[in-house]
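Asks: what follows is a predicted protein model with its sequence.
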2 protein chains.
Amino acid sequence: MNKRRPNLQVALDHSELHSALKAAVSVGHEVDIIEAGTVCLLQVGSQLVEILRGLFPDKTLVADTKCADAGGTVAKNNALCGANWMTCICSATLPTMKAARKAIQEINDKNGEIQVELYGDWTYEQAKTWLDAGISQVIYHQSRDALLEGKTWSEKDLDKIKKLINMGFRVSVTGGLDTENLELFRGLDIFTFIVGRGITEAPKPAEAAQEFKAEILRIWG
Amino acid sequence: MNKRRPNLQVALDHSELHSALKAAVSVGHEVDIIEAGTVCLLQVGSQLVEILRGLFPDKTLVADTKCADAGGTVAKNNALCGANWMTCICSATLPTMKAARKAIQEINDKNGEIQVELYGDWTYEQAKTWLDAGISQVIYHQSRDALLEGKTWSEKDLDKIKKLINMGFRVSVTGGLDTENLELFRGLDIFTFIVGRGITEAPKPAEAAQEFKAEILRIWG
């Protein structure tokens, strides 16, 4: 992964295993991080994580479980299939996040990580408790459904992202990203841009990923 | 389902399909509602819902997806497999819940329902917006991980449940329930008690379910 400029992560959010894998094969080698998306995990289960690990033995692989409970069990299940990182929803209790972190760290020889997915009304006080528990990655969203209702990235979003970065989080952003609007994030130390259909549904997915990378390179140098 | 006294729901929260199905076969006919649990869905996908529908064509079947995003897609996927109800996490945005409700209603001929899972710091203001969107079921939790840290049902929990019922919600409760502590809820118009391992890991699961039902009958008459 890049240290100085944002990483690019592809989200495989298909409802069918074959579509997710076709997308993975076409763009997996172009991106820094591969994500087994929630929709697909709920459809086909953790075989998705297992197959992706087999196809991409050296990539960072995220299981986007948005785990809300039974953190230890879900993290163990996914880490054993090959996930390096796993997501928890922000409304999960701290014991759930801690249990998830412990399990994914153990199985990944201390390199496993939990990312907190920010949806709804989380607070900075909550976020501080995640940091204190050793969880320093968050994912800032425009939800797919909010985007469908016409919402987009605003100054308010950017301010929140800045504040999280200043608190010490590595912040990934996702939701309606394209090569036009990456420019909105210029000057922010974004950890990762997560793109789903903007890459996987493009006429030429590998080229779409390359265009994102070129734009990241142009802005973050 | 019962109109006057609480329903009994079994949660199948196994990590393996065969264990979930063994439990389902042994207690499914004893309970009012069968739940395809989150841990199992994330492991084996929606085939769990499909198989349960085949085994229990007339039971109310819940897909406990704890959906946080892409509500329409997740609800459609699960409803097509046979789910009558589906859960959304409380931190999902309202557009996600609305999209999920629309999809599950369409496929279930208006009888589909969304249940909101209450974790973390939700507010009554948020809850009011769910009611206004036609979502009148919530699930009040003690999280499994919180229970492991020694937390249990308190007066504060019971007050919140009462307030939600008074707002007009049908409230299901879950987490660390046993035939001893159902008595705590006496006088409350609980919609459903959700029990997982308290039934499925009992030496005789069907008898355990019958004991829960007898206790519900004793208290709620």
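Replies: Arrived safely. Model, not experiment: these values are computed from the prediction. Numbering: from 1, shown residues only, chains lettered A, B, ... in the order given.

Asks: where does chain A have low pLDDT?
Replies: A:1-3, A:143-146 (pLDDT under 70).

Asks: which parts of it are helices?
Replies: Counting by DSSP state H, chain A has helices at residues A:17-27, A:38-44, A:47-55, A:71-81, A:94-107, A:124-132, A:144-148, A:155-167, A:197-200, A:205-220.

Asks: any idea of the angle the fifth one forms with helix A:124-132?
Replies: Yep, that's helix A:94-107 we're talking about. Helix A:94-107 and helix A:124-132 meet at an angle of 30 degrees, taking axes from the mean of the first three to the mean of the last three Cα atoms, to 10 degrees as the criterion.

Asks: who are the packing partners of helix A:94-107?
Replies: helix A:71-81, strand A:85-89, strand A:113-118, helix A:124-132, helix B:144-148 (3 or more Cβ pairs under 8 Å, 6 or more residues apart in numbering or on different chains; DSSP states H and E). Heads up, the C-betas are built off the backbone N, CA and C, glycines and all.

Asks: does the first one reach chain B?
Replies: Yes: counting by Cβ under 8 Å from any Cβ of the partner chain, contacts between helix A:71-81 and chain B involve A:Gly71, A:Gly72, A:Thr73, A:Val74, A:Asn77, A:Asn78.

Asks: relative orientation of that helix and strand A:113-118 in degrees?
Replies: 120 degrees.

Asks: show me what stretch A:31-38 is in contact with.
Replies: Residues outside stretch A:31-38 that contact it (Cβ atoms under 8 Å, 6 or more residues apart in numbering or on different chains) are A:1-2, A:7-14, A:20, A:24, A:28, A:46, A:48-49, A:52, A:56, A:59-66, A:83, A:192, A:194, A:196, A:199, A:209, B:68-70, B:74.

Asks: please save the CA atoms from that stretch in PDB.
Replies: In PDB, the C-alpha atoms belonging to stretch A:31-38 read as follows (Å, rounded to 0.1, in the frame of the first residue of the first chain):
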ATOM      1  CA  VAL A  31      -6.000  -2.000  -6.900                       C
ATOM      2  CA  ASP A  32      -4.300  -1.800  -3.500                       C
ATOM      3  CA  ILE A  33      -7.100  -3.400  -1.500                       C
ATOM      4  CA  ILE A  34      -9.900  -5.900  -2.500                       C
ATOM      5  CA  GLU A  35     -13.200  -5.800  -0.600                       C
ATOM      6  CA  ALA A  36     -15.700  -8.700  -0.300                       C
ATOM      7  CA  GLY A  37     -18.800  -6.500  -0.200                       C
ATOM      8  CA  THR A  38     -21.700  -6.900   2.300                       C
END
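
Asks: and A:Phe56, how many neighbours does it have?
Replies: 17 (other Cβ atoms under 10 Å in any protein chain shown).

Asks: nearest spatial neighbour of it, skipping sequence neighbours?
Replies: A:Gly28 (5.2 Å; Cβ to Cβ, 6 or more residues apart in numbering or on different chains).

Asks: what of A:Leu131?
Replies: Counting by Cβ to Cβ, 6+ apart, A:Leu131 lies nearest to A:Gly168, which is 5.9 Å off, once chain neighbours are set aside.

Asks: coming back round to it: please convert the buried members of the contacts of stretch A:31-38 into PyMOL selection syntax.
Replies: Of the contacts of stretch A:31-38, the buried ones can be selected in PyMOL as follows, counting by 16 or more other Cβ atoms under 10 Å in any protein chain shown:
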select buried, (chain A and resi 7+8+9+10+11+12+13+14+20+24+28+46+48+49+52+56+59+60+61+62+63+64+65+66+83+192+194+196+199+209) or (chain B and resi 68+69+70+74)
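
Asks: next step: the contacts of stretch A:31-38 restricted to strands.
Replies: A:7-12, A:60-66, A:192, A:194 (DSSP state E).

Asks: out of these, which touch chain B?
Replies: Restricting the ones in strands among the contacts of stretch A:31-38 to those adjacent to chain B (criterion: Cβ under 8 Å from any Cβ) gives A:Thr65, A:Lys66.

Asks: and the ones in strands among the contacts of stretch A:31-38, which is closest to B:Ile107?
Replies: Nearest to B:Ile107 among those: A:Lys66, at 22.7 Å, using Cβ to Cβ.

Asks: the residue nearest to A:Phe56 contacts A:Pro57, doesn't it?
Replies: No: using Cβ atoms under 8 Å, A:Gly28 is not in contact with A:Pro57, being 11.1 Å away.
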